[in-house]
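Kindly return the folded structure for what I paste below:
(one chain, ligands or ions: 2)
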Amino acid sequence: MERQAVNKLNRRLLKNYLGKKSDLAEEEITVLAKLFFDERHFLIEKDALFLNIPQPVAFSSEISKPDSYLALEVLNFPIVLTRDHEGTLRAFINACAHRGAKVAKGIGKNRRLTCEFHGWSYSMDGNLTGRPQESCFSTDKSECSLVKLAVSEECGIVLVGLTEDMKISPKDAGFSEIASELTDFKLKDYRFIKRKEYEVAANWKLINNLSLESYHFATLHRDTVAKVLSGSSIFDTYERCSRWAFPLLSIERLENLPEHEWPSTVEGSCTYTLYPGVMVIVNASGAQMIRTDPGEKPNSTRVSYIGLAHPDASEEAARNGYEFGGKVFEEEDLSTAINCQKGLEASKKDLIIGTNEPLLQFWHGLWSDATQ
Ligand code: FES
Ligand SMILES: [Fe+2]
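Ligands and ions are numbered 1, 2, ... in the order given. Model (predicted):
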């Protein structure tokens, strides 16, 4: 991010911190409770927000080396990303042409993918290269390639489309207004630390909501996050993406420093939210991605939490940041989302979103617009 832009954000953060306030929305809104458990609405959301829209699914640096692969689940679709010897990234349905078993699991390095069921193997460009007892098969090998998906890398983030012909530029993905700012972070140069997956018994929107308001810092996170970060946040919204930031408590020191001595990075944590609700969190030691994939039911979600280390940060600092964030997220945030889900299903009372939760208002508005 350019120096001028960093100073501007730090100025806004400092002002809110010193004034003990946050950027606000104009008025309170409510969101219908049934949007979190209605089966019909859930199918409409899957179709409008996931199946037909480019999906940010991974960081490029998770699969940066030649001859590497990364197996994922996106909306219950088994997916495999491959990077070939020349560095070209591809995406396929992770399903063997013989009988559909996965041809890759987890993350790894290899020049081919081999199905563990009967051993059919594929090159990194998805072509079938070998099958044991070849003489028993008459279907031509050329008809047994893996099914291709649309894929591209933008700003150090891998975008996948669940059909081959989907357009997936930053504009199609809804974040062209912040693409140059994201590119400035050079996320491609960060080091991959870890990817964790959680199955959570709560609606995907409730989980996204956790990463879009700081109102809960002083209560839910009083003994953890609130010890280092202030809830005095700022936000900016664009057509289909947003930026949200809140300061480290250490921002106080900037009050008595001339601006030319201010740090070259934001004194806090920035969360960029990419449509339909993928969090890319950037701070001094690294970056994290939180992705929520709706599961089989409105109250089931697969959450991916991915960590990267800043090139100049020590491995230990980056790992500690990732693990600390993950522990708080799992033990404090995700458990609360599960509570909220049960409560909403039982009470059927609509949700109240205050003026101090402006990004929840913005994102619920976008999700609602897409599913009308
Ligand atoms: S299902 Fe893959 S080799 Fe049989
Ligand atoms: Fe939280």
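
What are the neighbouring residues in contact with the nearest residue to Gly119 once chain neighbours are set aside?
What sits nearest to Gly119 in space, not counting adjacent residues and going by C-beta to C-beta, 6 or more residues apart in numbering, is Pro132, at 4.8 Å. Just so you know, the C-beta spots here come from the backbone N, C-alpha and C atoms, and that holds for glycine as well. Residues in contact with Pro132 (C-beta atoms under 8 Å, 6 or more residues apart in numbering) are His118, Gly119, Trp120.

my guess is Leu149 contacts Leu159, does it?
No. Using C-beta atoms under 8 Å, Leu149 is not in contact with Leu159, being 10.4 Å away.

Domain map for this structure?
3-54+176-370, 56-166 (automatic domain parsing).

Turn those into CSV, including mean pLDDT.
Putting the domains of the chain into CSV (pLDDT from 0 to 100) gives the following:
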stretch, mean pLDDT
domain 3-54+176-370, 96
domain 56-166, 97
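
looking at those domains, which is closest to ligand 1?
The minimum distance between ligand 1 and the domains of the chain falls on domain 56-166, with 3.1 Å, by C-beta to the nearest ligand atom.

a helix runs through Asp172, doesn't it?
Yes. Counting by DSSP: H, G, I helix; E, B strand; the rest coil, Asp172 falls inside a helix.

what's stretch 311-319 in contact with?
Stretch 311-319 is contacted from outside by 186, 189-191, 193-194, 284-286, 307-310, using C-beta under 8 Å, 6+ apart.

among the residues you listed, which ones are buried?
By neighbour count, with 16 or more other C-beta atoms under 10 Å, these hold Tyr190, Ile193, Ala284, Ser285, Gly286, Gly307, Leu308, Ala309, His310 as buried.

Could you check which helix or strand contains the closest residue in space to the second one that isn't next to it in sequence?
For Ile193, ignoring the flanking residues on the chain, the nearest one in space by C-beta to C-beta, 6+ apart is Gly307 at 4.1 Å. Gly307 belongs to strand 301-309 when assigned by DSSP states H and E.

Identify each buried residue in the helix or strand just after that strand, please.
Downstream of strand 301-309, the next assigned helix or strand under DSSP H and E is helix 315-328. Of the residues in helix 315-328, Ala318, Arg319, Gly321, Tyr322, Gly325, Gly326, Val328 count as buried by neighbour count, 16+ other C-beta under 10 Å.

what does stretch 57-68 give?
Within stretch 57-68, the residues scored as buried using 16+ other C-beta under 10 Å are Val57, Ala58, Phe59, Ser60, Ser61, Glu62, Ile63, Ser64, Asp67, Ser68.

how many neighbours does the nearest residue to Thr301 once chain neighbours are set aside have?
Counting by C-beta to C-beta, 6+ apart, Thr301 lies nearest to Trp204, which is 4.5 Å off, once chain neighbours are set aside. Using other C-beta atoms under 10 Å, the number of residues around Trp204 comes to 29.

Ok, Lys196 next?
Neighbourhood size, Lys196 [other C-beta under 10 Å]: 14.

Tell me the spacing between it and Arg291.
Using C-beta to C-beta, to the nearest Å, Lys196 is found at 11 Å from Arg291.

what sits in contact with each of these two?
Taking C-beta under 8 Å, 6+ apart as the criterion, Lys196 and Arg291 both touch Ser304, Ile306.

re the thing from before, please produce JSON lines containing the buried ones among the contacts of stretch 311-319, extended by distance to Ile107.
Formatted as JSON lines, these follow (distance: C-beta to C-beta, whole Å):
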{"residue": "Tyr190", "distance to Ile107": "16"}
{"residue": "Ile193", "distance to Ile107": "12"}
{"residue": "Ala284", "distance to Ile107": "26"}
{"residue": "Ser285", "distance to Ile107": "22"}
{"residue": "Gly286", "distance to Ile107": "18"}
{"residue": "Gly307", "distance to Ile107": "13"}
{"residue": "Leu308", "distance to Ile107": "14"}
{"residue": "Ala309", "distance to Ile107": "16"}
{"residue": "His310", "distance to Ile107": "21"}
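
still on that earlier bit, verify the stated contact: the residue nearest to Ile193 with Tyr322.
Yes. Between Gly307 and Tyr322 there is a contact at 3.3 Å, judged by C-beta under 8 Å.

any common contacting residues for the two?
In contact with both Gly307 and Tyr322: Ile193, Lys194, Gly286, Gln288, using C-beta under 8 Å, 6+ apart.

Look up phi and psi at the first one.
Backbone torsions for Ile193, taken as degrees, to the nearest 10, come to phi -100, psi -60.

ok, it - contacts?
Here Ile193 is in contact with Gly286, Gly307, Leu308, Ala309, Ala318, Arg319, Tyr322 (criterion: C-beta under 8 Å, 6+ apart).

What segments of this protein are helices?
Along the chain, counting by DSSP state H, helices occupy 3-18, 39-45, 170-173, 179-184, 204-210, 217-220, 315-328, 335-347, 358-370.
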